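K.L.:
Dropping the sequence and predicted coords here.
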Amino acid sequence: MNTKQAVNEVPLYGREEATRDLRKAFQDSRAQQQESHQVVWVRGQCGCGKTALVQKSLEDVVKQEKGYFVRGRYDEMPSAQPFSGLVDALTDLCDYLLEDEQIGVFRVQLSDALGSDAPILAAVLPRLSTLLGEFAPSAAIHCKPEWTFERLKVAMRAFIQTICGRSIPVVLFLDDLHFGDEESLELLKYVALGPSIKYFLFVG
């Protein structure tokens, strides 16, 4: 299926307009006939309030729609943890699911969607084991690193797509993404700019 890319840049001058643009991107991600990727880049000088703008524009709106707003942040000093900002955000997402009254349904659907790739994702996202239970070590973890990374990308996308597939909006906000490691950026490119995921919005 051919998809077109809808990537918006939101400047910080004129906060009301920026807020409208962010909220429109969120509503577009929930559109019935979505054929475009919903990705928003927020531009601005360091310390000018980009984080506050995104949170104030979207966090309450997403919660009102019974969705999940999750945030991760990358630090200027490289982290020993791979994919640190992304893992922080998805750990929050796992915690939300653990509190959801439909947790039993999520467990079944996520286990089916991830299949044998679940241990690969859990190696990067330990909270997944709390959500789905402990996994037996996967032989794939001992494969060539490039093969494992390809399966990690597939698993990460399946994880998000399964949650959104229940018509639950997910907004993934990664702060200070310019400090992100190369692997994180490649993983995000696969998840956010692959075939569109309805109910999913990425903000960076």
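P.N.:
Received, thanks. Computed from a prediction, not measured in an experiment: that's the story for all the values here.
K.L.:
So the most centrally placed residue in the chain: helix, strand or coil?
P.N.:
Note on the chain: the residue nearest the mean C-alpha position is L172, at 4.2 Å, using Cα atoms, centre = their mean. Of the three states, L172 takes strand under DSSP: H, G, I helix; E, B strand; the rest coil.
K.L.:
Pull the number of nearby residues for F83.
P.N.:
Residues near F83, counting by other Cβ atoms under 10 Å, number 23. Heads up, the C-betas are built off the backbone N, CA and C, glycines and all.
K.L.:
ok, it - contacts?
P.N.:
124, 181, 183-184, 187 (Cβ atoms under 8 Å, 6 or more residues apart in numbering).
K.L.:
how about these, which pair is most distant?
P.N.:
Across these, no pair lies farther apart than V124 and D181, at 12.3 Å, counting by Cβ to Cβ.
K.L.:
what do those two both touch?
P.N.:
Common neighbours of V124 and D181 (Cβ under 8 Å, 6+ apart) are 82-83.
K.L.:
rewinding a little: what's the separation between the residue nearest to the centre of the chain and M77?
P.N.:
23 Å (Cβ to Cβ, to the nearest Å).
K.L.:
Any idea what the closest residue to I163 other than its chain neighbours is bridged to?
P.N.:
Closest residue to I163 apart from its sequence neighbours, by Cβ to Cβ, 6 or more residues apart in numbering: V170 at 5.9 Å. Beta-bridge pairing for V170 (DSSP bridges): Y68, F200.
K.L.:
In contact with V170: list those residues for me.
P.N.:
By Cβ under 8 Å, 6+ apart, the neighbours of V170 are 67-68, 70, 93, 160, 163-164, 199-201.
K.L.:
can you list those in a markdown table and add distance to T19?
P.N.:
Below are the contacts of V170 laid out as a markdown table (distance: Cβ to Cβ, whole Å):
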| residue | distance to T19 |
| --- | --- |
| G67 | 17 |
| Y68 | 20 |
| V70 | 20 |
| L93 | 24 |
| I160 | 25 |
| I163 | 26 |
| C164 | 23 |
| Y199 | 21 |
| F200 | 20 |
| L201 | 14 |
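K.L.:
Could you verify my assumption that the residue nearest to the centre of the chain touches Y199?
P.N.:
No. At 11.5 Å, L172 does not count as touching Y199 under the criterion of Cβ atoms under 8 Å.
K.L.:
Please enumerate the helices of this protein.
P.N.:
Listed in chain order, the helices of the chain (DSSP state H) span 15-29, 50-64, 84-99, 103-114, 118-124, 127-132, 145-164, 182-193.
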